[in-house]
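J.: Requesting a structural model of the entry that follows:
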Amino acid sequence: MKKTLAALAICAPSMAFAACGSERALVESIFQSRGWTIESEGAFEDASGTCKINDIVLVAQNLSFDVEALTWRLEGLSGLSTGSGMISLNADLENLRMVARTSDPLVDYMLSEQNRRNLIDGTLSASWDLDAGLLEVASLRVDMPGENAVGLDFRVDGVSPAVLSGQIGDLDALSLEYLAIEIENRGFADGLILSFLVSAMTGLTEAAGSPASVVEGTKREMSQMVRDLPDALFHDGSKDALLRLIADGPVPWGELFVQVAPTPPLAFSKLMELGFAPSVFDESALLQAFDGVEFLISYIAAPVAE
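T.: Numbering: from 1, shown residues only. Have a look, this model is predicted:
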């Protein structure tokens, strides 16, 4: 995020009234700042300010990202020069394929063929009111192969153009007004996300033995941690949802929803203080950090195939 903001700050003066050509350079610089190599730049279109790149190929280590089309419309960027106005971004990602690469050409060919229909789409609608200091992602959704998707909405207040300098040490002005997360998993996320989470969480358990027994021990400890969460932050329904999610692990299939709408908005500085607590699960530290917050969580398990 910081690199993205820095790139916008650098490009803002020259892009005050930029067309798609300059915006394409910005997009490519963001890719490269994350260590991705642009193997194929693809074809480029400018349709009256709506920009589109067709058939771009990115490579990160041993993984290639083949994108059929990336379309975006960025408006109001001149506000970065004046510190006033509204910046909006709407973007669509069509048919992204992720394919592992090896040293064997035949294996590479087979992996590519196997992923011909494993396509990922994405949409983003975001705005930044520079005068009000309000950054809002009204919709960010990634649709993955099968019945699998991730969605994110949020509003953050106190975001001034000063954050573009990269000096974000003082977070007192930033506060979270709203956050909603939706994860739909029916297999695709198992390898991408859950294996990593299980590996990280098994470091918390004292269980030993077979992988299955270690995972079961981890699930028991995670369940107890959920039961011990403050009732003021997690009501019975939210705790029950988390317990059912854990019980379905290590590969739970279904839909998870998390919503937070703190009153008053949650200051980011409180979250930083939580990082210095003896334990992030300490009840008093949690209550202090999330004062006025209630986590609304639901989990709908996928039907078991018969």
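J.: quick one: secondary structure of the residue of the chain positioned farthest from its centre?
T.: For the chain, the largest distance from the centre (Cα atoms, centre = their mean) belongs to G209, which lies 34.4 Å off. Of the three states, G209 takes coil according to DSSP: H, G, I helix; E, B strand; the rest coil.
J.: State the distance from it to G249.
T.: Between G209 and G249 the distance, using Cβ to Cβ, to the nearest Å, works out to 17 Å. For glycine as for every other residue, the C-beta is placed from the backbone atoms N, C-alpha and C.
J.: ditto for N115
T.: N115 is 27 Å from G249, by Cβ to Cβ.
J.: where exactly do the strands run in the stretch 51-200 of the chain?
T.: 63-75, 86-100, 120-129, 134-144, 148-157, 175-185 (DSSP state E, counting those that start in this stretch).
J.: Just list what the second one packs against, helices and strands only.
T.: Translated: strand 86-100. strand 63-75, helix 79-82, helix 105-114, strand 120-129 (3 or more Cβ pairs under 8 Å, 6 or more residues apart in numbering; DSSP states H and E).
J.: Between strand 63-75 and the last one, find me the angle.
T.: Okay, so that is strand 120-129. Going by axes from the mean of the first three to the mean of the last three Cα atoms, to 10 degrees, strand 120-129 is angled at 40 degrees with respect to strand 63-75.
J.: Return the list of helices and strands in contact with strand 120-129.
T.: Short answer (3+ Cβ pairs under 8 Å, 6+ apart): strand 120-129 packs on strand 86-100, strand 134-144.
J.: Identify the residues contacting A100.
T.: Under the criterion of Cβ atoms under 8 Å, 6 or more residues apart in numbering, the neighbours of A100 are 62-63, 111.
J.: Going by neighbour count, which of those residues comes out on top?
T.: Counting neighbours by other Cβ atoms under 10 Å, L111 leads those with 15 neighbours.
J.: That one reaches R97, doesn't it?
T.: No: with contact defined as Cβ atoms under 8 Å, L111 does not reach R97; the gap is 10.2 Å.
J.: what about the nearest residue to P265 once chain neighbours are set aside, how many neighbours?
T.: Distances taken as Cβ to Cβ, 6 or more residues apart in numbering place S175 nearest to P265, at 3.8 Å, with adjacent residues excluded. S175: 20 surrounding residues under other Cβ under 10 Å.
J.: ok, now E45?
T.: The burial count for E45: 12, using other Cβ under 10 Å.
J.: In this structure it contacts C51, no?
T.: Yes: between E45 and C51 there is a contact under Cβ under 8 Å: 7.2 Å.
J.: which residues are in contact with both of these two?
T.: C20.
J.: So T37 is in contact with V59, correct?
T.: Yes: the pair T37 and V59 passes the contact test of Cβ under 8 Å, sitting 4.7 Å apart.
J.: The two: who's more crowded?
T.: Higher neighbour count among T37 and V59: V59, with 16 against 12, using other Cβ under 10 Å.
J.: So what pairs up with L179 in the strands?
T.: Beta-bridge partners for L179, by DSSP bridges, are F154, V260.
J.: quick one: it and V156, what's the gap?
T.: Distance from L179 to V156, by Cβ to Cβ: 9 Å.
J.: Likewise for P262?
T.: 12 Å.
J.: do the same with S48
T.: On the measure of Cβ to Cβ, S48 and V156 end up 31 Å apart.
J.: Could you check which of these two has the larger neighbour count?
T.: V156 (20 against 7).
J.: related to what we said a few turns ago, can I get the helices and strands packed on strand 86-100 in CSV with mean pLDDT and distance to G151?
T.: Formatted as CSV, those follow (pLDDT from 0 to 100; distance: least, Cβ to Cβ, whole Å):
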stretch, mean pLDDT, distance to G151
strand 63-75, 92, 19
helix 79-82, 85, 28
helix 105-114, 87, 27
strand 120-129, 96, 10
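J.: Go through those and name the closest to E273.
T.: strand 120-129 (26.6 Å; Cβ to Cβ).
J.: Check which strands are paired with that closest one and give the direction for each one.
T.: strand 86-100 (antiparallel), strand 134-144 (antiparallel).
J.: Hey, what's the angle from the first one to helix 105-114? Just curious.
T.: It stands for strand 86-100. Using the same axes, to 10 degrees: strand 86-100 against helix 105-114 is 130 degrees.
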